[in-house]
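> Sequence isn't available, so here's the structure alone:
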């Protein structure tokens, strides 16, 4: 019986991996940002973004590596508050003139005052890790998903929601967060980045690979890289598989994370 049980488990796991994540009950309405994908983004969130030198920076490096000629001016700006939810951020202020993105430094450390026609193409927004599903906070998530999306659009940018991942010791959060973010994305006609589903898929395939910091919530470098690859795939519609930027991760692991991200995005968007 034990042998039969082991065979059953192996077959079940293989079938699960072929079918992809089973936690996205509601299907996303927006599945692409189109061929003119964003080149400049503002990432609005919390410590899940800023761990490991900032996930947005890894996204930019993936974008630059995918564009070998570096003809595009890729830029990611990160605005984070530790532990923050949607309602902690004054999103309107992030688009005020002569403030965020007003200047930068060139390779010789000279200050360059930037005057872009538009600050950002897209705003990628993440609520606190429990807020979308917490009994006392989920109504605030719904309220500010709508408010912040309207603000972003009023400034000519595209709102995008970042689906965060379950805590390592609370896997049931995956399905709950996937449902909450997908519904919010559909209600606001916004793309959702399925990072949480990518985490679940990677853990099912390689449970020995640690995607978490010791607190079981924040990402390890591998977790940040997986989230970055998923973000790259969702925003650009391009596969990260084979991308030369590996974030210092060994190549077999990086290729696994790239593949997991791409498969998750394809499955979630139904492509």
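Looks like it arrived, so ask away. These numbers come from a predicted model, not from an experiment.

> Can you give me the pLDDT of the nearest residue to residue 25 once chain neighbours are set aside?
Distances taken as CB to CB, 6 or more residues apart in numbering place residue 179 nearest to residue 25, at 5.6 Å, with adjacent residues excluded. C-beta coordinates here come from the backbone N, C-alpha and C atoms, glycine included. The model reports residue 179 with a pLDDT of 97.

> since we're on residue 179, how many residues are nearby?
17 (other CB atoms under 10 Å).

> Can you list phi and psi of it for me?
Main-chain torsions, residue 179, degrees, to the nearest 10: phi -70, psi -50.

> So it sits against residue 28, correct?
No. Counting by CB atoms under 8 Å, residue 179 stays clear of residue 28, with 11.2 Å between them.

> intersection of neighbour lists for those two?
Shared contacts of residue 179 and residue 28 (CB atoms under 8 Å, 6 or more residues apart in numbering): none.

> Please identify the helix or strand for the closest residue to residue 249 other than its chain neighbours.
Take residue 249 and drop its neighbours on the chain: the residue closest to it by CB to CB, 6+ apart is residue 225, 5.8 Å away. Assigned by DSSP states H and E, residue 225 belongs to helix 221-236.

> Which strands or helices does that helix pack on?
Under the contact criterion of 3 or more CB pairs under 8 Å, 6 or more residues apart in numbering; DSSP states H and E, helix 221-236 touches helix 55-66, strand 122-125, strand 158-162, strand 191-193, helix 195-205, helix 251-269.

> so how far is the shortest one off the chain centroid?
Think strand 191-193. Mean-position distance between strand 191-193 and its chain equals 8 Å (CA atoms, centre = their mean, to the nearest Å).

> again with the last one
Using CA atoms, centre = their mean, the mean C-alpha position of helix 251-269 is found 13 Å from that of the whole chain.

> can you check the third one too?
Offset of strand 158-162 from its chain centre (CA atoms, centre = their mean): 9 Å.
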